[in-house]
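*Asks:* with the sequence up front, the predicted model follows.
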Amino acid sequence: MESDLSPILYSLHNCPYAIRARLALLKAKQRVAIRSIKLSNKPFEMLAASPKGTVPVLIIQQNSSVIDQSIEIMIWALIQSDPDNLLQAEDSNVLPAMISFILEFERVFIPALNAFGCAKRYHEDDTHKRRNTCQIELLKLEECLTQHAFLFSNKESLVDIALLPFIRKYARIDKQYFRDAPYPKLRAWLNRYLQSPLFSKVMKNYDLWQENQREQFLG
C-alpha cells in the first residue's frame, strides 16, 4: 500500500495564525494531515522542518518543501484550489494589494491587540488606552464594511479570512464591550463567520500528535 503523501500541518488550536491557515486549507478543500501540538512540547519533527518553532508549519511531502508563514500557507492552498475565488485571480494586481492590506493591519493591530490582552489580564491601569489603540484600527475596518460587503471588496477575499482570527481574539478579550462597541457591521461580519459550519470545522479539537500515531486529517 502506498504511503499517504498528503501535506502535513503542525497546528495549535487557538493560535490566530494557525486558525487562518486551517481556514484557507479548508476553503481550498485540501486533504491535509493535521498534527496538533503544545508549544511546551514541540515535536522534534516540526523543529527539524522549521527551527523557528512556531505554528503553523506545512510540510508538502510530494516535494519535501516547508512553508512556515501563515499567509504563505494560505496563498499556497488557494493557488491549488480556490472555489470561492478568494484570490480574485482575474486581476493580477489584486493579490499584492490584498497582501499589503493584511500586512499593514498586522503591523499596527497585532502589537496593540497583544498589549491590550496583557493589560486586561493583569488589570493594568492603561487597559482603556490600549483598547483604544485597537479600536482605531477596528473603526477603519468598520468603514471598509460601509463601502462594500466584505473587508476588501464586495466579494469575500483572502483579506477576510486572514484578519478573522485576530478580530475573533480581540472580541474574546472583553466580550461585553465588543457587543456594545461602535462597529456593528464588523460585529455582524465576524458573527457570520463564527456561526458558520465551516468555522466549526476550523475549530475542531484534535488529539495531540504523538510519534507513530495514526494521522488525523483536517476537517
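*Replies:* Perfect, thanks for sending it.
*Asks:* all contacts plus neighbour counts: C-alpha atoms, from now on.
*Replies:* Noted.
*Asks:* in the strand or helix carrying residue 48, which residues are buried?
*Replies:* Secondary structure assignment for residue 48, by DSSP states H and E: helix 44-49. By 16 or more other C-alpha atoms under 10 Å, the buried positions in helix 44-49 come out as 46, 49.
*Asks:* for it, give the mean pLDDT please.
*Replies:* Taken as a whole, helix 44-49 has an average pLDDT of 96.
*Asks:* ok, residues contacting it?
*Replies:* Here helix 44-49 makes contact (C-alpha atoms under 8 Å, 6 or more residues apart in numbering) with 10, 53, 57, 59, 66.
*Asks:* let's see that with 10 Å instead.
*Replies:* 8-10, 35, 37, 50-59, 64-68, 211 (C-alpha atoms under 10 Å, 6 or more residues apart in numbering).
*Asks:* can you show me the helices along this protein?
*Replies:* 16-27, 44-49, 70-80, 94-121, 127-147, 158-173, 175-180, 184-194, 197-202 (DSSP state H).
*Asks:* sorry, back to before: chain center to the helix holding residue 48, what's the gap?
*Replies:* Distance, stretch centre to chain centre, for helix 44-49: 22 Å (C-alpha atoms, centre = their mean, to the nearest Å).
*Asks:* using CSV, list the CA coordinates for that helix.
*Replies:* Extracted in CSV, the C-alpha atoms of helix 44-49 (Å, rounded to 0.1, in the frame of the first residue of the first chain):
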residue,chain,number,x,y,z
PHE,A,44,11.3,17.1,17.0
GLU,A,45,9.8,16.5,13.5
MET,A,46,8.3,20.0,13.5
LEU,A,47,11.5,21.7,14.7
ALA,A,48,13.6,19.7,12.2
ALA,A,49,11.3,21.1,9.4
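*Asks:* that older thread, out of the helices of the chain, deepest packed?
*Replies:* Scoring the helices of the chain by mean neighbour count under mean count of other C-alpha atoms under 10 Å gives helix 16-27 as the most buried, with a mean of 24.
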